[in-house]
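Chemist: Just need the structure, nothing else, for what follows:
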Amino acid sequence: MHHKIRLNHYLSNAGISSRRKADQLIQSGAIEVNGKPVFKLGTVIHTNDIVKFHGSKIKSKNKIYILLNKPKGFITTTRQRDQLNRKTVMNLISCFPENRIFPVGRLDYSTTGVLLLTNDGNIAEKLTHPKYHIKKIYHVSLNKKIRNQDLDQIRKGKIYLKEGKVKVIFVNKKNAKNKIEIGLYIGWNKVIKRIFKKLNYKVIRLDRINFGGLTKKNLKIGNWCFLNKDKIENIIK
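Modeler: A predicted model of the protein is given here:
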């Protein structure tokens, strides 16, 4: 069954460009539909139309969303190996040669837990944009028991890093002696480790248990599953 779709949306789905940049490509005359250049913004095509970009045929890709429970000892990158020949998260998922997928955001080499991978650039952009307030929850194991006054400092926003004041949603002690649960919206590089380093603690283990409501429930470490788009779009409503 062939559906109608806006041309800029089609180009965005095919990974040619963002929807906004697709409009510029259309106006420049770089896009042909069924052998004719198309200049008009808002053009609607059928999904079986032949679309060419600078003379090369393109096709709309199926959108893929994968939830991975990342183990320790894997780099978050699109490559199969990094410069130091370390394993990457791409080693853990089946290959999708027709639909190049990439991780949304990063988890450090030693960090475990919820990681989303997709080939949907628009969704990935939204999930990493500060304005969408995507909540992240972590379990943190420290090298020593945390003092209550240090927890209060984090809670009250008295920790400052180079990007500015650290605002958290919550921070609580877990039952285990040196274990903390912390929730925040900010996605600064290594932010959790830097918060605790500032207070003279070392993070021994870091596990992301929740990303925008996505959890690793029933997903063993190192395993992954497909998600449907509705579940992803609920995060950014």
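
Chemist: Report the contact partners of the residue nearest in space to the middle of the chain.
Modeler: Taking C-alpha atoms, centre = their mean, the centroid of the chain lies closest to Val104, which sits 1.9 Å from it. Counting by C-beta atoms under 8 Å, 6 or more residues apart in numbering, Val104 makes contact with Leu115, Leu116, Leu117, Thr118, Ile123, Ala124, Leu127, Thr128. Just so you know, the C-beta spots here come from the backbone N, C-alpha and C atoms, and that holds for glycine as well.

Chemist: go on, Asn210?
Modeler: Here Asn210 is in contact with Val114, Lys135, Lys136, Ile137, Gly183 (C-beta under 8 Å, 6+ apart).

Chemist: Wait, a helix at it?
Modeler: No - according to DSSP: H, G, I helix; E, B strand; the rest coil, the state of Asn210 is strand, so it is not within a helix.

Chemist: what separates it from His139, distance-wise?
Modeler: From Asn210 over to His139 the distance is 10 Å, taken as C-beta to C-beta, to the nearest Å.

Chemist: Then Lys173?
Modeler: Taking C-beta to C-beta, one finds Lys173 at 11 Å from His139.

Chemist: between those two, what contacts are shared?
Modeler: Joint contacts of Lys173 and His139 (C-beta under 8 Å, 6+ apart) are Lys179, Ile180.

Chemist: So between these two, which is more surrounded?
Modeler: His139 (18 against 14; other C-beta atoms under 10 Å).

Chemist: Now do the SS call for the residue nearest to that one when sequence neighbours are not counted.
Modeler: Computed as C-beta to C-beta, 6 or more residues apart in numbering, the closest residue to His139 that is not its neighbour in sequence is Asp207, at 4.5 Å. Per three-state DSSP, the secondary structure class of Asp207 is strand.

Chemist: Kind regards, and thank you for your time.
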